[in-house]
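In: I need the structure of the sequence given here:
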Amino acid sequence: MIMRKNLKLALLVVFVLWLAYLVDLVVPVDLRLYGLRPHHLEGLWGIVCAPLLHANFSHLIANTGALFVLLIVSLAFSRRLTAVAVGVIMLLSGGLVWVFGRSNTIHIGASAIIFGLIGFLIFIGIFRRDWRALAVSGVIFFIYGGALFSLFYYLPGISWEGHAFGFLSGVLAAWWTKAEKQ
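Out: Numbering: from 1, shown residues only. You can find the predicted model right below:
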C-alpha cells in the first residue's frame, strides 16, 4: 500500500515535469526564460520554476529516469524526510546558484534536485549510522556514484553550479534530518 503511494507520488512529480515541457511547446512564450537567472531579482522565481523547465526532449528524458528512481528510493526510506530534503535542496541549491552562479546564464532542469537526492541518500546513512540508512546509501552510491565525477569538470550548457550546489544541499539536508524520526 505504501509502495503504491510512493510510486504514485513519484509518477506525479514526473508528470508535472512532462506537463511543463508540453505547455512550453504550445504557449507563445518560451517558459525556459523563467529559469533561474543568477544576480537578477526577476531570476529569483527560477528557484521554484527551474526544476520544472527543460531545454529539450533529451534533457527531459535524462532527468525523468534519474529523478523517478531517486524519488522512489527516498520515499521508501521516509516520505517525511524526503519532503524536507526536497524542500531544502530546491531552496538552498537555488539560492546558492542565484548568488554564486555565472552571470548572464539561465539555469533550468531538475538536475539540482537529482544531485541533491544523491547527496541526501548517500549521506543519510553516514550521518544516521543505522543499517537501513547505510543500505540505502550503499545502493545509491553504487548506482549513482559515477555521476559525482561530473562535479569535477565543466561542460558548456550544463549547470555545474546546479549540480554542485544541489549535491551540497542534499548533504546538508541529510545532516539536518539525521536525528529526526523517519
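In: Contact partners for the most centrally placed residue in the chain?
Out: The geometric centre of the chain, computed from its C-alpha atoms, lies nearest to Ile113 (CA atoms, centre = their mean), at 0.6 Å. Contact analysis of Ile113 by CB atoms under 8 Å, 6 or more residues apart in numbering lists Pro51, Leu67, Val86, Ile89, Met90, Ser93, Gly166. Using the backbone N, CA and C atoms, a C-beta is placed for each residue, glycine as well.
In: what's around Ala76, how many residues?
Out: 15 (other CB atoms under 10 Å).
In: Was I right to think it contacts Leu7?
Out: No - with contact defined as CB atoms under 8 Å, Ala76 does not count as touching Leu7 (9.6 Å).
In: the strands in this protein, which residues?
Out: Counting by DSSP state E, the chain yields no residue ranges for strands.
In: now the farthest one out in it, which residue is it?
Out: Pro28 (27.6 Å).
In: so what does the lengthiest helix in the chain touch, helix or strand wise?
Out: Scanning the chain for the longest helix, with DSSP state H as the assignment, gives helix 2-26. Packing partners of helix 2-26 (3 or more CB pairs under 8 Å, 6 or more residues apart in numbering; DSSP states H and E): helix 57-77, helix 79-88.
In: Most neighbours of all the contacts of Ile113, which one?
Out: Neighbour-wise, those (other CB under 10 Å) top out at Ser93, 34 neighbours.
In: Quick check: that one touching His163?
Out: No - with contact defined as CB under 8 Å, Ser93 does not count as touching His163 (9.1 Å).
In: Where does the prediction get shaky in this protein?
Out: 155, 157, 182 (pLDDT under 70).
In: Quick one: residues contacting Ala20.
Out: Leu31, Leu52, Leu53, His54 are the contacts of Ala20 under CB under 8 Å, 6+ apart.
In: what's the answer for Tyr144, then?
Out: So, once contact is read as CB under 8 Å, 6+ apart, Tyr144 ends up touching Ala66, Leu70, Ile118.
In: rerun that using 10 Å as the cut-off
Out: Tyr144 makes contacts with Ala66, Val69, Leu70, Val73, Ile114, Phe115, Leu117, Ile118, Gly119, Leu121, Ile122, as judged by CB atoms under 10 Å, 6 or more residues apart in numbering.
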